[in-house]
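Student: Next comes the sequence, and after it the predicted model I'd like to discuss.
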Amino acid sequence: MMLLVDPRSATPPYEQLRVQVLAAVHSGDLAPGDKLPTVRRLAEDLGLAANTVARAYRELERDEVIETRGRNGSFIAASGTAAQQQVQAAAVTFADKARKLGVAPEEALALARAALGIRS
């Protein structure tokens with residue numbers, strides 16, 4: 001995901017960031033569990049004040065788009081109903097485990113489909 005800020009825009013930089021993260025979530029470019037850059041790192045990358053990025057993150061957190069896990073950083077939050085949120089969290093855990101075990105994505109998907117009873 002590439003975030004950009006147009007300094008000539010009438011829209012404040014924090015709002016440009018907020019809207020871009022929202023758009024990436026809605027398009028699927030950012031999925032539940034994806035880690036966002038730290039406030040300092042993103043501020044440095046974009047040439048912004050850390051407070052500007054922090055404000056965008058605070059507003060995204062207030063709207064439950066992201067969640068901050070203390071020193072672990074900020075992540076895209078699960079969304080939808082309580083059941084959907086639990087399944088999204090389980091899917092993130094499954095994907096992380098598959099990666100750590102070196103299971104190819106195609107194989108991991110095949111295993112998930114089999115567990116769901118989906119025949120392809």
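Tutor: Looks like it came in fine. Predicted model only: the values in this text are computed from it and were never measured. Residues are numbered from 1 along each chain as shown.

Student: For the helix or strand harbouring Gln20, name the packing helices and strands.
Tutor: Using DSSP states H and E, Gln20 falls within helix 13-27. Secondary-structure packing of helix 13-27 (3 or more C-beta pairs under 8 Å, 6 or more residues apart in numbering; DSSP states H and E): helix 39-46, helix 50-62. (C-beta placed from N, C-alpha, C; glycine too.)

Student: a markdown table for those helices, including mean neighbour count and distance to Thr11?
Tutor: Formatted as a markdown table, the helices and strands packed on helix 13-27 follow (neighbours: other C-beta atoms under 10 Å; distance: least, C-beta to C-beta, whole Å):
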| stretch | mean neighbour count | distance to Thr11 |
| --- | --- | --- |
| helix 39-46 | 16 | 14 |
| helix 50-62 | 18 | 12 |
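
Student: now those helices as a markdown table including mean pLDDT and distance to Gly80?
Tutor: Output for the helices and strands packed on helix 13-27, formatted as a markdown table (pLDDT from 0 to 100; distance: least, C-beta to C-beta, whole Å):
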| stretch | mean pLDDT | distance to Gly80 |
| --- | --- | --- |
| helix 39-46 | 96 | 26 |
| helix 50-62 | 96 | 17 |
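
Student: Any idea which of those gets closest to Arg71?
Tutor: Smallest distance to Arg71 across the helices and strands packed on helix 13-27 (C-beta to C-beta): 12.5 Å, for helix 39-46.
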